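**Student:** Structure of the sequence below:
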Amino acid sequence: MNRRTLPAAAALVTAAALLLTACGGGDDNKSKKPDKIAGADEGASKSASPSATPSATTGAGRPKFEFPADISYVFDWPKTGDSDKDAVLADAEQFIKAEDYAIVKQDPTQAGYRFYTEGELAASTQEYITAYVKAKARITGKYRYYNAAVTLSGKSTATLSYCQDQGKAFDLYLKTNKVNKTPATKNSYVLYNAALRKDGRGIWITTKQFSERGSSKCQP
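**Tutor:** Numbers count the residues shown, from 1 in each chain. Here you go, the predicted model:
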């Protein structure tokens with residue numbers, strides 16, 4: 001399963017192209033190409049999703065996410081000892097989960113991800129989630145995140161890079177309850193780069209993001 005996959009770039013850009021195909025490992029490997037989720041390769045809308053306040057929240061008004069037992073996360077990015085950097089990592093983790101939660105809930109306007117993003121990235125995230133809803137599919141499996149690096153610029157802006165291991169993550173089609181598994185390859189490892197800003201609530205909002213599938217920086 002590919003999260004917002006963009007061509008490699010020299011600078012941070014807003015996510016503008018979405019591609020969903022299954023990728024991962026397991027004993028049910030197929031030689032044929034996995035089915036593509038319709039609509040996932042469309043460009044991002046220029047209109048931003050409206051802001052919303054989640055109904056289920058935790059500390060500082062942050063949304064609370066409860067995932068099915070078949071989805072799990074490992075964030076191998078230990079605390080840095082710098083309170084601002086640690087806050088960036090914590091809110092970036094929540095944005096990742098918020099996006100996935102909307103897919104699980106089959107709700108492109110789910111309040112959680114809109115709590116952690118804005119503008120064109122919020123709009124492209126909504127399109128990404130909508131592609132899953134139209135395909136009647138959601139995510140399943142294990143996600144691992146690692147090699148995180150935060151750079152602060154002043155008190156309210158930051159950049160973040162990190163790797164994602166999709167080797168055990170797949171698409172689950174809801175009508176058939178079929179998990180679309182394919183072998184893990186170098187493209188199962190994805191490098192993300194993101195720009196964030198601290199808003200008036202003290203939340204680190206992800207404003208821009210791009211990814212590089214198969215990056216040499218993320219290979220095991």
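
**Student:** quick one: the strands in the chain?
**Tutor:** Remark: strands assigned in the chain by DSSP state E are 71-76, 137-153, 157-173, 178-180, 189-198, 204-213.

**Student:** okay if I get those strands as CSV plus distance to Ala90?
**Tutor:** (Each C-beta comes from the backbone N, C-alpha and C, glycine too.) Shown next, in CSV, are the strands of the chain (distance: least, CB to CB, whole Å):
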stretch, distance to Ala90
strand 71-76, 9
strand 137-153, 11
strand 157-173, 11
strand 178-180, 30
strand 189-198, 11
strand 204-213, 8
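
**Student:** can you redo those strands as TSV with mean neighbour count and distance to Ile96?
**Tutor:** Formatted as TSV, the entries for the strands of the chain read as follows, by neighbours: other CB atoms under 10 Å; distance: least, CB to CB, whole Å:
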stretch	mean neighbour count	distance to Ile96
strand 71-76	14	8
strand 137-153	18	7
strand 157-173	21	8
strand 178-180	17	21
strand 189-198	22	9
strand 204-213	22	9
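
**Student:** Quick one: closest of those to Ala111.
**Tutor:** strand 204-213 (14.3 Å; CB to CB).

**Student:** any idea of the pLDDT on Gln110?
**Tutor:** Gln110 carries a pLDDT score of 94 in this model.

**Student:** er, Ala184 actually
**Tutor:** If you check Ala184, the pLDDT there is 92.

**Student:** repeat for Ala38
**Tutor:** For Ala38, pLDDT reads 39.

**Student:** Quick check: buried residues in the longest helix along the chain?
**Tutor:** Longest helix in the chain, counting residues (DSSP state H): helix 83-105. Residues of helix 83-105 classed as buried: 85, 87-89, 91-104 (neighbour count, 16 or more other CB atoms under 10 Å).
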